[in-house]
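Chemist: Need the 3D shape of this:
(one chain, ligands or ions: 1)
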Amino acid sequence: MKPDRLIAGLPGGVVLRTASPGDAGALCAAYVANREHLAPWEPRRPDDFFTVEGQAHRLGERLREYEGGRLVPWLLEADDGRVVGTITLSGIVLGPFCSAYLGYWTDADHQGRGLATAAVREVCGIAAREMGLHRVEAGTLTDNVRSQRVLERCGFELIGTAPRYLHIDGAWRDHRLFQRILHEGPPRP
Ligand SMILES: CC(C)(COP(=O)(O)OP(=O)(O)OC[C@H]1O[C@@H](n2cnc3c(N)ncnc32)[C@H](O)[C@@H]1OP(=O)(O)O)[C@@H](O)C(=O)NCCC(=O)NCCS
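Modeler: Here you go, the predicted model:
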């Protein structure tokens, strides 16, 4: 089942909600404000990624994947309407796998407040209860200790290190892969 605009409260009055077509402007502002903060941890972004038009195009593609049940794009929204992070389940596969990939970031001015931890916990709960997923996987750069702490605190276990796993900040980089088993029940029919 596809979660639909589920809203949950996170620390500091931040809400977790699914993205909608009107969010391109707020996403653009967030990515512009966090360009340097995110650069070491993300793929190199083309210049149009940092425009409202570029974000509208990307959001449109992601919302089509959402409609198809392959991805869920959540936003972390502060009480003033600013986007202060995103969290995404992608590559959603059902059947005997019932698995998805998890990705997230939080705003440079909101670090160390437990936001990422709360968002990952909430999304894992939705993945288990609403979506019937059995497993969530996440990969971090080997030196992304902060992100590894978030995953470990949320019950993820280390699978191992995948050499040259993702093209991040201009090079194929080794990643630590983690998974969390959400439940032991059989796949939903
Ligand atoms: C990784 C990231 C999502 C963490 O977000 P956050 O909202 O600050 O996370 P939380 O506040 O929930 O938890 C951060 C944890 O890291 C710890 N931490 C903070 N700075 C740290 C550092 N330099 N080294 C090790 N741990 C650190 C915090 O103390 C906290 O752990 P604790 O509660 O056990 O003390 C955020 O830093 C980020 O967006 N980074 C850039 C993008 C990124 O790396 N995304 C993840 C890709 S896998």
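Chemist: what residues does the helix or strand His175 falls within touch?
Modeler: In this structure, His175 sits in strand 171-181 according to DSSP states H and E. With CB atoms under 8 Å, 6 or more residues apart in numbering as the test, strand 171-181 has contacts from 124, 134-142, 148, 151-152, 154-167. Using the backbone N, CA and C atoms, a C-beta is placed for each residue, glycine as well.
Chemist: Return the residues of the chain in contact with the ligand.
Modeler: Contact residues (CB under 6 Å from any ligand atom) of the chain with the ligand: 38, 41, 104-106, 111-117, 140, 144-147, 149-150.
Chemist: ok, of those, which come out buried?
Modeler: Buried subset of these (neighbour count, 16 or more other CB atoms under 10 Å): 38, 41, 104-106, 113, 115-117, 140, 144, 147, 150.
Chemist: biggest separation within those, which pair?
Modeler: Arg113 and Thr140 (19.5 Å; CB to CB).
Chemist: what lines up beside the helix or strand bottoming out on mean pLDDT in the chain in the sheet?
Modeler: Ranked by mean pLDDT, DSSP states H and E, the helix or strand of the chain with the weakest confidence is strand 8-9, at a mean of 80. Strands adjacent to strand 8-9 in the sheet, as given by DSSP bridges, are strand 15-18 (antiparallel).
Chemist: Buried by neighbour count: which residues of the partner strand qualify?
Modeler: 16, 18.
Chemist: if we can go back for a sec, now what about the least confident helix or strand of the chain, what contacts it?
Modeler: Strand 8-9 has contacts (CB under 8 Å, 6+ apart) with 15-16, 122.
Chemist: Kindly recompute the last result at 10 Å.
Modeler: 14-17, 74, 118-119, 121-123, 125-126 (CB atoms under 10 Å, 6 or more residues apart in numbering).
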